[in-house]
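A.B. asks: Below: sequence and its predicted model.
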Amino acid sequence: MIHKFKFENYNFVVDTNSGAVHMVDDIFYDMLEHLDGNFFDYTENYIIKKLENKYSKEEIKETYGEILELKNKGKLFSPDIYKDLATPEKLSSPVKAVCLNVAHDCNMACKYCFASKGDFGCGKELMPLETAKRAVDFVIKNSGNIKNLEMDFFGGEPLLNWPVVVETVKYARKLEKIHNKRFRFTITTNGLLLDDEKIKFINEEMYDVVLSLDGRKEINDNFRVTRGGIGTYDAVVPKFKKLVDSRGDKSYYVRGTYTKENLNFSKDVMHIYNLGFNEISMEPVMCDEKFDSTLTEKDLELVLKEHEILLKKLIEMKKQGSKINFFNFNVDIEKGPCVIKRLKGCGCGNDYIAVVPNGDIYSCHQLVGEKSFKMGNINDGTFDENVKNKFLKTSIYHKEKCRNCWARFYCCGGCAAKNYTHLGDIMKPFDVACRMQKKKIECAIILYALT
Amino acid sequence: MKHVKTINKSDLKKSAVGGGCGECQASCQTASKVDNTVSNQKCER
């Protein structure tokens, strides 16, 4: 399978099964229009007839020869040989990553919050230290031979339970030496409670930090407000700057969210960049249509166009030496993860779990509160493999729509939680998300090729 | 070749051999935390 697309005067071709990406001229691009991957003795004559009104016979023969050469090298129309790897036995993995919801409470009341203002609809609760320590023990015990373990302090707002964050990190650091493990901690924060002490600790201990900010002040303050309804831009931006300025080369992202109210979100990306942040991500709000500002299928065309507007700006900026890195256009075109990882997809319920303040274990932070995705409890030692088994049958080969999609080894099956939220079934890819994802992948390829 | 420039050396087929060590980052622990972005993950080998 191949996928071809154009950007300005450039033609791109992706060979799905090898991962090869080609930039081609017009005759090559036009010729692919008439080829389906099956080549016979008469194919060359067939192609000559199809294209002789536009190109010379010599050019056609030469180009056809190049297509055959790439095919023989396994870089074009390469066969799909991975299906046998997508068995539950081969995809089953030890648990290596925990989203630790240390606080089901928030000091903000963002209007689009998927976590129902922090408590996931389950009532406000902070995680006791003992539960957090048990989560550390759990991942060490269940991670098999995997050395690199991950723990993301999440919420709600994790800084509301700061002492537990600090003590959990110290506890894990002690154990990692004993068990030959390495913990990578990350934290996702709205920034309101950041101070010098927390910034120092985060910058010393956290492998990554995600800082929530939506961009322009008026955009941010429309949705990201305190419990009293006051915009938070002025309060958090100086703190984020202080954190990033003292972070050195360590990874961080300023993460924005866009809605129907800022379909021109490229301006928000640029605003964040102009504040002095190079690492930026931006995610769409797609939730219940009771929320007036949610994006729907009707907005899709404008959203996709805005991606192109942003892409053009990024190309221009990169050519001028800017270090801006837009997360959503990041695809490791050169190497990227192995095919096994791609078949595992996001790993939810398999190598990735979420643990909430009362110790309940869910297959994913987006599915917290959904009884059918509860896997057990850290405190009573229960862990139901049946939920895991369900996710082991959600690879791209288990979903018909994914099986025949050119983007299957990039998105790797998409977000199961998003499918469940929108269509009530983890096995049904949510089309709006798919179309956005495909656009982002194309943009990532273009950005890589042209800068 | 005159009509095509291959811009990467990616070979998924080769990655299937000995792959799946599990040491790379879980995709949902990255900056998105919502969307699946598996193909931006770095291989740890």
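C.D. replies: Cool, got the structure. Numbers count the residues shown, from 1 in each chain, chains lettered A, B, ... in the order given.
A.B. asks: For the rest of this, base every contact and every neighbour count on C-alpha atoms.
C.D. replies: Noted.
A.B. asks: Could you list the single helix or strand in chain B with the lowest mean pLDDT?
C.D. replies: helix B:12-15 (a mean of 92; mean pLDDT, DSSP states H and E).
A.B. asks: list the buried ones in that helix?
C.D. replies: B:12, B:13, B:15 (16 or more other C-alpha atoms under 10 Å in any protein chain shown).
A.B. asks: by contact count, what packs against it?
C.D. replies: Under the contact definition 3 or more C-alpha pairs under 8 Å, 6 or more residues apart in numbering or on different chains; DSSP states H and E, helix B:12-15 sits against helix A:339-344.
A.B. asks: hmm, the helix it packs on touching chain B?
C.D. replies: Yes - judged by C-alpha under 8 Å from any C-alpha of the partner chain, helix A:339-344 and chain B are in contact via A:339, A:340, A:341, A:342.
A.B. asks: Can you report how many residues neighbour the spatially closest residue to residue B:20 that is not a sequence neighbour?
C.D. replies: In this structure, residue B:20 finds its nearest non-sequential neighbour in residue A:340, 5.1 Å apart by C-alpha to C-alpha, 6 or more residues apart in numbering or on different chains. Number of residues near residue A:340 (other C-alpha atoms under 10 Å in any protein chain shown) recorded here: 22.
A.B. asks: From residue A:241, how far out is residue A:340?
C.D. replies: Relative to residue A:241, residue A:340 is positioned 39 Å away (C-alpha to C-alpha, to the nearest Å).
A.B. asks: C-terminal to the strand or helix carrying residue A:235, what's the next element?
C.D. replies: In this structure, residue A:235 sits in helix A:233-245 according to DSSP states H and E. Next helix or strand after helix A:233-245 toward the C-terminus (DSSP H and E): strand A:253-258.
A.B. asks: could you check whether the helix or strand that that following strand is followed by is close to chain B?
C.D. replies: Once strand A:253-258 ends, the next helix or strand along the chain (criterion: DSSP H and E) is helix A:266-274. No - against chain B, helix A:266-274 shows no contacts by C-alpha under 8 Å from any C-alpha, the least distance being 14.4 Å.
A.B. asks: for the record, mean pLDDT for helix A:266-274?
C.D. replies: Average pLDDT, helix A:266-274: 98.
A.B. asks: now swap in stretch A:5-12 and tell me
C.D. replies: Mean predicted confidence for stretch A:5-12 is 98.
A.B. asks: same check, this time on stretch A:341-359
C.D. replies: 95.
A.B. asks: Can you get me the start-to-end distance on it?
C.D. replies: OK, stretch A:341-359 end separation, C-alpha to C-alpha: 28 Å.
A.B. asks: Centre of the chain to that stretch, how far?
C.D. replies: Distance of stretch A:341-359 from its chain centroid, counting by C-alpha atoms, centre = their mean, to the nearest Å, is 14 Å.
A.B. asks: ok, residues contacting the helix or strand containing residue A:390?
C.D. replies: Following DSSP H and E, one finds residue A:390 within helix A:385-391. Contacts with helix A:385-391, where a contact means C-alpha atoms under 8 Å, 6 or more residues apart in numbering or on different chains, come from A:88, A:348, A:349, A:350, A:363, A:372, A:373, A:374, A:375.
A.B. asks: now swap in stretch A:190-210 and tell me
C.D. replies: The set of residues external to stretch A:190-210 that reach it, using C-alpha under 8 Å, 6+ apart, is A:107, A:157, A:159-160, A:169, A:184-189, A:211-213, A:232, A:235-236, A:239-240, A:243, A:246-247, A:250-255, B:30-31.
A.B. asks: buried stuff in it?
C.D. replies: The neighbour-count check on stretch A:190-210 (16+ other C-alpha under 10 Å) flags A:190-194, A:199, A:202-203, A:205-210 as buried.
A.B. asks: Just the ones in strands from the residues you listed, please.
C.D. replies: Using DSSP state E, the members of the buried residues of stretch A:190-210 that fall in strands are A:206, A:207, A:208, A:209, A:210.
A.B. asks: quick one on the thing from earlier: filter the contacts of helix A:385-391 down to just the ones in strands.
C.D. replies: Within the contacts of helix A:385-391, membership in strands is found for A:374, A:375, as judged by DSSP E.
A.B. asks: Near chain B, which residues of the stretch 301-450 of chain A? Just list them.
C.D. replies: Residues of the stretch 301-450 of chain A found near chain B (C-alpha under 8 Å from any C-alpha) are A:327-328, A:330-342, A:345-347, A:351-352, A:366, A:409-412, A:414-415, A:449.
A.B. asks: Filter those residues down to just the buried residues.
C.D. replies: Buried by 16+ other C-alpha under 10 Å: A:327-328, A:330-333, A:335-342, A:345-347, A:351-352, A:366, A:409-412, A:414-415, A:449, out of these.
A.B. asks: So which bits of chain B are right by chain A?
C.D. replies: Residues of chain B lying close to chain A (C-alpha under 8 Å from any C-alpha) are B:1-13, B:15-16, B:19-32, B:34-43.
A.B. asks: Name only those of these that count as buried.
C.D. replies: Buried subset of these (neighbour count, 16+ other C-alpha under 10 Å): B:3-4, B:6-8, B:10-13, B:15-16, B:20-32, B:34-43.
A.B. asks: So which elements touch the helix or strand hosting residue A:448?
C.D. replies: Using DSSP H and E, residue A:448 falls within helix A:431-450. For helix A:431-450, the elements it packs on are helix A:300-319, judged by 3+ C-alpha pairs under 8 Å, 6+ apart.
A.B. asks: next SSE after the helix it packs on?
C.D. replies: As assigned by DSSP H and E, the chain's next helix or strand after helix A:300-319 is strand A:325-326.
A.B. asks: Not counting sequence-adjacent ones, nearest residue to the residue sitting nearest the centre point of chain B?
C.D. replies: Closest to where the C-alpha atoms of chain B average out (C-alpha atoms, centre = their mean) is residue B:39, at 4.5 Å. Closest residue to residue B:39 apart from its sequence neighbours, by C-alpha to C-alpha, 6+ apart: residue A:410 at 4.8 Å.
A.B. asks: that older thread, in strands, which of the buried ones among the residues of chain B next to chain A fall?
C.D. replies: B:4, B:6.
A.B. asks: For residue A:430, grab phi and psi.
C.D. replies: phi -80, psi 110 (degrees, to the nearest 10).
A.B. asks: That one is in contact with residue A:422, isn't it?
C.D. replies: Yes - using C-alpha atoms under 8 Å, residue A:430 is in contact with residue A:422, at 6.8 Å.
A.B. asks: More neighbours: those two, which one.
C.D. replies: Remark: of residue A:430 and residue A:422, residue A:430 carries more neighbours, 21 against 17, as counted by other C-alpha under 10 Å.
A.B. asks: quick one: contacts for the more buried one?
C.D. replies: Per C-alpha under 8 Å, 6+ apart, neighbours of residue A:430: A:418, A:419, A:422, A:423.
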